[in-house]
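1. One predicted model, sequence on top.
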Amino acid sequence: MGKKIFSGVQPTGNLHLGNYLGAIKNFVDLNNNNENSCVFCVVDLHAITVNQDPKDLRNNIRETVATFLASGIDAKKSIIFNQSKVSAHSEAAWILSCIARMGWLNRMTQFKEKAGKDKEKASIGLYSYPVLMAADILLYDTTHVPVGDDQKQHLELCRDIAQKFNNDFEVKDFFKIPEPLIQKQFSRIMSLKDGSRKMSKSELSDLSRINLTDDKDQIINKIKKAKTDPLPMPSNLEELNKRAEARNLIGIYSSLSGLTLEKIIQEFSGKNFSEFKDNLSQVVVDKIAPISVEIKKLLNEKDYLDKILLEGSKKANDIASKKIKKIHELVGF
Ligand code: TYM
């Protein structure tokens, strides 16, 4: 039986290779299987949990759609829309925030990381953000959620919320309990400047990530400047696992080329990083540069992108409005 897929990406600019390998590449594979029904959401309500310039946000919403399409998602097969246009998301988030417990949210590590030292100044939205994410998923009777490793804990919270709602209102299977779809290997792509930190949109140095809008020369330059250790290329898996930067670069190579780690190690064992980096650049350029060109082309077709969002939001609304109506009935509204 086909899967019901839902996933979201924040329109906060700088979509990067981590977003691609951790999530978007899987969206494309899932979308290509005709048995699945897929919903891919540009989560603009999530984006405003931190300050956004309205003009940038508007552009970034379009850029996220352009990235979906340029990466190979087919808008005829999948629903692509932005979250703010389907009001059931905000409504369900409120109702589910009365189900979720403070203790559960207090355990969320991403809030702790994002709020940093000054928790008092973080928005309430940033704190309750995983509840909105649960609403997104549960409104569509989602069975599977493709995400990167950093979203695993939010998925577990979503399952807890769904279970508690089903128990509280004695409706055994009302909310489906969704399964995460996380890559077995390299579900967390690390910064090119520090193998212990996640590749991230918000990292100050642009050299830390490969943006999906980078051109060939930018990609080559960033890989050339990527941090490595002073040793030659590792000669076995055990050694690889102890060397964060080498592991990350070889992981990226493996994910994009489809070659196993063993095979890559065998080929480059004991060689200089520069030789490996030339090969890595080639693989990244082959995959990412055409996506970058296509994104830029699509960004000139604003009406087309807006039309996709509008049509997508109508279809999403058809599904979500039915579910929220049932939620209202169960709650007693
Ligand atoms: P966001 O916008 O931060 O990231 C989008 C997707 O990219 C993945 N990702 C990574 N994967 C591997 N390595 C990395 N360095 C890396 N950085 C990001 C993320 O895991 C994610 O899959 N809360 C979500 C968006 C969301 C959502 C949802 C996801 C909202 N509602 C419902 C699934 C279902 C987020 O902020 O992702």
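-> Perfect, thanks for sending it.

2. contacting residues for residue 139?
-> By Cβ atoms under 8 Å, 6 or more residues apart in numbering, the contact set of residue 139 is 88-89, 92, 319-320, 323-324. Every C-beta, even on glycine, is put in place using the N, C-alpha and C of the backbone.

3. Pick the one among these closest to the ligand.
-> Proximity of the contacts of residue 139 to the ligand (Cβ to the nearest ligand atom) peaks at residue 89, which lies at 8.8 Å.

4. taking the contacts of residue 139 one by one, which sit in helices?
-> Among the contacts of residue 139, the members falling in helices (DSSP state H) are 88-89, 92, 319-320, 323-324.

5. And the residue nearest to residue 194 when sequence neighbours are not counted, how far from the ligand?
-> Closest residue in space to residue 194, ignoring its immediate chain neighbours: residue 227 at 6.7 Å, by Cβ to Cβ, 6 or more residues apart in numbering. Going from residue 227 to the ligand by Cβ to the nearest ligand atom, to the nearest Å gives 15 Å.

6. re earlier: now the contacts of residue 139 in JSON lines, with neighbour count and pLDDT?
-> Formatted as JSON lines, those follow (neighbours: other Cβ atoms under 10 Å; pLDDT from 0 to 100):
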{"residue": "88", "neighbour count": "22", "pLDDT": "98"}
{"residue": "89", "neighbour count": "24", "pLDDT": "98"}
{"residue": "92", "neighbour count": "23", "pLDDT": "98"}
{"residue": "319", "neighbour count": "18", "pLDDT": "98"}
{"residue": "320", "neighbour count": "24", "pLDDT": "98"}
{"residue": "323", "neighbour count": "18", "pLDDT": "98"}
{"residue": "324", "neighbour count": "21", "pLDDT": "98"}
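
7. Distance from stretch 287-300 to the middle of the chain?
-> Centroid separation for stretch 287-300 versus its chain: 19 Å, with Cα atoms, centre = their mean, to the nearest Å.

8. Show me which positions of that stretch end up buried.
-> For stretch 287-300, burial by neighbour count (16 or more other Cβ atoms under 10 Å) applies to 287-289, 291-292, 294-295, 298-299.

9. and the residues you listed as TSV, adding distance to residue 191, pLDDT and secondary structure?
-> Conversion of those to TSV gives the following (distance: Cβ to Cβ, whole Å; pLDDT from 0 to 100; DSSP: H, G, I helix; E, B strand; the rest coil):
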residue	distance to residue 191	pLDDT	secondary structure
287	19	97	helix
288	17	98	helix
289	21	98	helix
291	20	98	helix
292	20	98	helix
294	26	98	helix
295	22	98	helix
298	28	98	helix
299	26	97	helix
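
10. Export those residues as a markdown table, with columns for distance to residue 205.
-> Listed next are those as a markdown table, based on distance: Cβ to Cβ, whole Å:
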| residue | distance to residue 205 |
| --- | --- |
| 287 | 23 |
| 288 | 19 |
| 289 | 21 |
| 291 | 22 |
| 292 | 19 |
| 294 | 26 |
| 295 | 22 |
| 298 | 27 |
| 299 | 24 |
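
11. out of those, what pair is the most spread apart?
-> 287 and 299 (19.7 Å; Cβ to Cβ).

12. helix/strand/coil for residue 80?
-> Going by DSSP: H, G, I helix; E, B strand; the rest coil, the secondary structure assigned to residue 80 is strand.

13. Endpoints of stretch 85-101, how far apart?
-> In stretch 85-101, first residue to last residue: 27 Å (Cα to Cα, to the nearest Å).

14. Just the buried positions in stretch 320-333, please.
-> The neighbour-count check on stretch 320-333 (16+ other Cβ under 10 Å) flags 320, 323-324, 327 as buried.
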